[in-house]
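**Q** please find the sequence and the predicted model below.
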Amino acid sequence: MAGIYVHIPFCARRCIYCGFFSTVREAEAARYVNALCAELHLRKDYLKGLPVTTVYFGGGTPSRLSPEQIGQVIGCIRTEYGLDNLDELTVECNPDDITPAFASALQKLGVNRISMGVQTFNDDLLRFLGRRHTARQAIDAVCTCRKAGIYNISIDLMYGLPGQTDDIQQQDLGTATGLDVSHISSYCLSFEEGSLLEKMRNDGRVLPADDDTCARMYDRMCAHLHKAGFEHYEISNFCKPGCHSRHNSSYWDGTPYLGVGAGAHSYNGCSRQWNPNDLDAYMTGIEQGTPAFEIEELSATDQYNERLMLSLRTAQGLNLILLTPQDRLSVLNSADALIKDGLLLHENNTLCIPEQKMFISDSIISSLFR
Ligand code: SF4
């Protein structure tokens, strides 16, 4: 099993909180798509013939491409890697890009999952964040995808937004669950280095929500989504039974993946490599047949720490049976005090973080690192 991630860095404009690699140079899209296809061809041996079960178009804003451009990339993946084993084909979309014609064209291309960047259903907060859509457009976009025959729909929400009261969060959660989507990802607002939001905070123009507020919002969100029938399967991800993201789950369980496009990361079990976060360096390197990338070989310690970091993010947790006897002993020794303090559960040869402690999972996991 393997996955393919396709990075589409184009956005109509930048949101104030954005820390992703993205650009507003949409006029470069046709050249970029050709570069993606060339990279897919150049790196066809990376996955060593493993069957591709998931493909994920992320960004940026993949819905800034035309259906023909998305189809061109899917066609190249089919030619170079085969799609006979494909289980999940996701395209991230912004709500205001979704028209009936666009959704129908994606469905015809085999797209069976849409991940939509909604963030909140409050129009004032959407404007504050620099999002282009309104709450009404987000609601309509979900219905449009369904009418086009795409039923597996995920929406992204945010909490801990400046000015987001308990009532606003409650309305966001109520609207999201009322839409009967199959998946919700929800992230606490972070002040990314170099973002406009970070500058606004440093200038005193924005007051961040404090840790207690964010923790309370996280707890309320978990309770609300449980009640609405969602499973909490990863720190920030909730799904209806059977509707977890296959592609993202493969990151957490160590499945190899090929990432193509500017800034995309790849993993093959022993190393990670990543393309430059620079549109021109990426496209020129590919066009000249000498792709620019950096690579990091993972030492045994790196692999151990990564396994802990990725698996303990999930409700399934760390399967101790998959570790060497030496690593098992080592992790259980470091986990002892955390288990006694109720920060980790040890059951059925598995270590996992109880849901009530997921909000502080980063500090729990890092205290287990070698
Ligand atoms: S749409 Fe997404 S990638 Fe683009 S600027 Fe906004 S947050 Fe960043």
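**A** Yep, that arrived.
**Q** would you mind listing the buried residues in stretch 45-61?
**A** 46-47, 50, 52-61 (16 or more other CB atoms under 10 Å). From N, CA and C alone the C-beta is placed, and that goes for glycine too.
**Q** may I ask which two of the residues you listed are separated the most?
**A** Leu50 and Thr61 (28.9 Å; CB to CB).
**Q** just the ones in strands from the buried residues of stretch 45-61, please.
**A** 52-59 (DSSP state E).
**Q** and these near the ligand, which?
**A** Restricting those to those near the ligand by CB under 6 Å from any ligand atom leaves Gly59.
**Q** which member of the ones in strands among the buried residues of stretch 45-61 is positioned nearest the ligand?
**A** Among those, Gly59 lies closest to the ligand (CB to the nearest ligand atom), at 5.4 Å.
**Q** how about the contacts made by the spatially closest residue to the closest one that is not a sequence neighbour?
**A** Distances taken as CB to CB, 6 or more residues apart in numbering place Ile8 nearest to Gly59, at 4.5 Å, with adjacent residues excluded. When contacts are counted by CB atoms under 8 Å, 6 or more residues apart in numbering, Ile8 touches 32, 57-62, 64-65, 261.
**Q** Phe128 too?
**A** Counting by CB under 8 Å, 6+ apart, Phe128 has contacts 16, 161-163.
**Q** sorry, back to before: ok, which pair from the contacts of Ile8 is furthest apart?
**A** That would be Tyr32 and Gly58, which, of the contacts of Ile8, are the farthest apart (CB to CB) at 14.3 Å.
**Q** isn't Val111 up against Glu88?
**A** No - using CB atoms under 8 Å, Val111 makes no contact with Glu88, being 9.7 Å away.
**Q** and the residue lying closest to Glu193 once chain neighbours are set aside, what does it touch?
**A** Spatially, and ignoring its direct neighbours in sequence, Glu193 is nearest to Gly19 (7.1 Å; CB to CB, 6+ apart). Gly19 is in contact with 190, 192-195, counting by CB under 8 Å, 6+ apart.
**Q** and the ones in strands among the buried residues of stretch 45-61 as CSV, adding pLDDT?
**A** Below are those laid out as CSV (pLDDT from 0 to 100):
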residue, pLDDT
Val52, 98
Thr53, 98
Thr54, 98
Val55, 98
Tyr56, 98
Phe57, 98
Gly58, 98
Gly59, 95
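**Q** how many other residues sit next to Arg146?
**A** Neighbour count of Arg146, defined by other CB atoms under 10 Å: 16.
**Q** then Thr284?
**A** Thr284 has 15 neighbours, counted by other CB under 10 Å.
**Q** quick check: it vs Asn268, distance?
**A** 25 Å (CB to CB, to the nearest Å).
**Q** then Gln356?
**A** From Gln356 across to Asn268, the span is 36 Å (CB to CB).
**Q** more neighbours, the two?
**A** A count of neighbours by other CB under 10 Å puts Asn268 above the other of Gln356 and Asn268, at 16 against 12.
**Q** show me what contacts the closest residue to that one other than its chain neighbours?
**A** Nearest residue to Asn268, sequence neighbours excluded (CB to CB, 6+ apart): Pro256, at 4.9 Å. Residues near Pro256 by CB under 8 Å, 6+ apart: 2-3, 47, 50, 267-269.
**Q** at 7 Å what do you get?
**A** 2, 47, 50, 267-269 (CB atoms under 7 Å, 6 or more residues apart in numbering).
**Q** what's the closest non-adjacent residue to Phe359?
**A** Nearest non-adjacent residue to Phe359, counting by CB to CB, 6+ apart: Tyr218, 4.7 Å away.
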